[in-house]
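Colleague: Quick one, structure for this:
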Amino acid sequence: MSTAAETQDGFAAIAGPCHSPVAEALSPLITAIEARHGTAVSGIIFYGSCLRSGRIHDGLVDLYVVVDNYRAAHDRPISALANRLVPPNVYYLEADGAQGLLRCKYAVIDEAELARGCTTALLSSIWGRFAQPVAIVTTRDADTRTRFRAHLGRAVATLLDECLPALSDTARAPAEAFAEALALSYSGELRTEDSRRSTTVIDTDRAEYARRLHAARGHLAFDTEIDSTGRFRCYPSMAQKRRAARRWRIRRPLGRALSVARLSKACFTFGNAVDYGAWKLARHTGVEIEVTDRLRRHPLIYGWPVLWRLYRRGLLR
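Modeller: Numbers count the residues shown, from 1 in each chain. The predicted structure follows:
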């Protein structure tokens, strides 16, 4: 029987080393974040498009800041309460780097919520994101880093457990199976990317996604097989298929409603939130919206008609 330490090491191995060659260049942002949130910061995780490209000066760096508890991480009790009720709080930050200005958007979450989000959470916003390769750019100590890697490895197993039974069980390449699972996880959120986004993400490192699926196989709730040609197949039971279908029927409306709640909250925590949203929409869809001063000042009043028009046009999925 495996010990708790062996189980943790097994999940950490799924996540891999969680390093990035550009992590050291993020030091100015890390220092600024730690100055804002103090000793409550236990670690920072780097993810997203800047991680995949390595070009941290060309866009907005995406970070998750993991804290011990929300009250210690925030100066204002209302911020701590908002972080607890609808996690995470999202903030914007700039810092001068050695090669120019660095910009980031970072989310604040406590480790208990990170652990739950990677394992038992109904919605895919955490396990769908952290099943992908990420870099742990700083942690309080080595034990914390190992725990973080185990959480991230559990996110891989959760993604596959929750998604594969809802998909076709035909044989396909491991990276293709992972791409399909990732695409399904995206459907549980309100997003501007089209259905091909998961394939684009997977194509950045197909070998790593195949490795993750192979490493997670022994932790899944159903049998799997790799045939003589290297193609992957899974064998969930009919009960597991029915359960997965039920949960995805719940996830889509609930996840999109929560996405709207988080967008609304970000209007108060994220500097230039409306301009950032318009930029991201144009980047992913080619559609530009006019950001008026009125919309910037009162996004919760004048933003709803804009969101509704975008949804009717199929630009928000």
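Colleague: Give me the contact list for whatever helix or strand Cys118 lives in.
Modeller: Here Cys118, judged by DSSP states H and E, is contained in helix 111-119. Identification of contacts with helix 111-119 by C-beta atoms under 8 Å, 6 or more residues apart in numbering yields 42, 64, 66-68, 87-88, 109, 125-127, 130, 147-148, 151-152, 154-155, 158. (C-beta placed from N, C-alpha, C; glycine too.)
Colleague: In helices only, show me those.
Modeller: 127, 130, 147-148, 151-152, 154-155, 158 (DSSP state H).
Colleague: what would these look like in CSV with distance to Phe222?
Modeller: Listed next are these as CSV, based on distance: C-beta to C-beta, whole Å:
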residue, distance to Phe222
Trp127, 17
Phe130, 22
Arg147, 27
Phe148, 27
His151, 22
Leu152, 22
Arg154, 17
Ala155, 18
Thr158, 13
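Colleague: okay if I get these as a markdown table plus distance to Arg197 and neighbour count?
Modeller: Formatted as a markdown table, these follow (distance: C-beta to C-beta, whole Å; neighbours: other C-beta atoms under 10 Å):
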| residue | distance to Arg197 | neighbour count |
| --- | --- | --- |
| Trp127 | 17 | 27 |
| Phe130 | 17 | 25 |
| Arg147 | 30 | 21 |
| Phe148 | 25 | 27 |
| His151 | 24 | 25 |
| Leu152 | 21 | 27 |
| Arg154 | 23 | 28 |
| Ala155 | 18 | 28 |
| Thr158 | 20 | 25 |
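Colleague: With pLDDT added, can I get those in TSV?
Modeller: What follows is the ones in helices among the contacts of helix 111-119, written out as TSV (pLDDT from 0 to 100):
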residue	pLDDT
Trp127	97
Phe130	97
Arg147	97
Phe148	98
His151	98
Leu152	98
Arg154	98
Ala155	98
Thr158	98
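Colleague: between these, which is closest to Ser49?
Modeller: Nearest to Ser49, judged by C-beta to C-beta, of the ones in helices among the contacts of helix 111-119 is Phe130 at 15.3 Å.
Colleague: measure Ala257 to Gly188 for me?
Modeller: 11 Å (C-beta to C-beta, to the nearest Å).
Colleague: So the two - more neighbours on which side?
Modeller: Neighbours per residue (other C-beta atoms under 10 Å) separate Ala257 from Gly188, with Gly188 holding more: 25 against 11.
Colleague: for stretch 20-38, which positions count as buried?
Modeller: Using 16 or more other C-beta atoms under 10 Å as the test for burial, stretch 20-38 gives 20, 22-23, 25-26, 28-30, 32-33, 36-37.
Colleague: Out of these, list just those in helices.
Modeller: Taking DSSP H, the ones among the buried residues of stretch 20-38 that sit in helices are 28-30, 32-33, 36-37.
Colleague: so what's Leu101 up against?
Modeller: 57, 94-95.
Colleague: Kindly indicate which of these lies nearest Arg217.
Modeller: His57 (38.4 Å).
Colleague: sec struct for the closest one, please.
Modeller: coil (DSSP: H, G, I helix; E, B strand; the rest coil).
Colleague: Same question for Arg247.
Modeller: helix.
Colleague: What is the helix or strand hosting Arg211 packed up against?
Modeller: Applying DSSP H and E as the criterion places Arg211 in helix 206-216. If you count contacts as 3 or more C-beta pairs under 8 Å, 6 or more residues apart in numbering; DSSP states H and E, helix 206-216 packs onto helix 4-15, helix 142-163, helix 174-186.
Colleague: And the following helix or strand past that helix, what does it pack against?
Modeller: Using DSSP H and E, the helix or strand that follows helix 206-216 towards the C-terminus is strand 223-226. Where contact means 3+ C-beta pairs under 8 Å, 6+ apart, strand 223-226 is packed against strand 232-235.
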